[in-house]
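Visitor: Following is a predicted model, sequence given first.
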Amino acid sequence: MVPIWSAERIEQSRSGKVARIDCFRAHPRAASVSDLRNDYDEDQYDQGHLTPAADQDSSVTAMVNTSFYTNMAPQRGGFNRGIWKGLETVVRSWIEKRKTVYVITGSIFDRDGDGLKDPDMLAKRMLPRRGPAPVAVPTAFYKIVTCRPEDGSLSTLAILLPHEVVRDSGLQRGACFQEHVVPVAEIERRTGIDFSGHERTPGRA
């Protein structure tokens, strides 16, 4: 079990009001499918946010709500704290000029490399120290970022990063992101989700 996608709005006027708070827990409305702390009790993966805590710093409630396990996916430590954190920071910086941005963040499962979502049974699973292994490990993560410039047009950018430990250098970061810009249609094909509003697959794997 792992979330397939999350959606958020980041607003400049509401940012920077509370400090980081971690409060990892199961979602009360999804107790039957929420991951538990024991599921992440191993040393290879971080509890990676899809909607970042730093994006939702307008209030304590908004901040702690990013720590539900329904917003978590296993991410390798070097990836989570490196290139992925860099991407989150860059997206957040765009509100300085654009004031408001809309972001969809999600997981991809494509171990066989055919460009299509794998059947759930093929997903690699984390191996916790005790208990079953229900949490699937994504092979890649993506962000689709949309904003509306002053001319009223709609601007969208999609970036898909393989779930690998990528050396994160400030000088190389921009080039890395440019290399991984993809059409939204590619993410739709790899996830089975139609971002025009029609989901073709279940929301968790």
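Guide: Done, it's in.
Visitor: can we go C-alpha only for contacts and neighbour counts from here?
Guide: Noted.
Visitor: who touches the residue lying farthest from the centre of the chain in this structure?
Guide: No residue in the chain sits farther from the centre than D151, which is 29.3 Å out by Cα atoms, centre = their mean. By Cα atoms under 8 Å, 6 or more residues apart in numbering, D151 lies in contact with nothing.
Visitor: mind pulling up the phi and psi values for it?
Guide: When quoted as degrees, to the nearest 10, the phi and psi of D151 stand at phi -80, psi 0.
Visitor: Where do the strands of this structure begin and end?
Guide: 5-11, 45-49, 72-76, 100-108, 140-147, 155-162, 193-194, 198-199 (DSSP state E).
Visitor: which residues touch the fifth one?
Guide: Read it as strand 140-147. By Cα under 8 Å, 6+ apart, the residues outside strand 140-147 that reach it are 91, 98, 100-110, 154-163, 184, 187.
Visitor: again, only using 6 Å
Guide: Identification of contacts with strand 140-147 by Cα atoms under 6 Å, 6 or more residues apart in numbering yields 101-108, 155-163.
Visitor: which one is S15 nearest to, not counting chain neighbours?
Guide: Setting aside the residues directly before and after it, S15 is nearest to S58 in space (Cα to Cα, 6 or more residues apart in numbering), at 5.2 Å.
Visitor: Quick check: the one you found touching R14?
Guide: Yes. The pair S58 / R14 is scored as a contact, 5.1 Å apart, by Cα atoms under 6 Å.
Visitor: okay, the two: which has more neighbours?
Guide: Using other Cα atoms under 10 Å, the more surrounded residue of S58 and R14 is S58, with 19 against 14.
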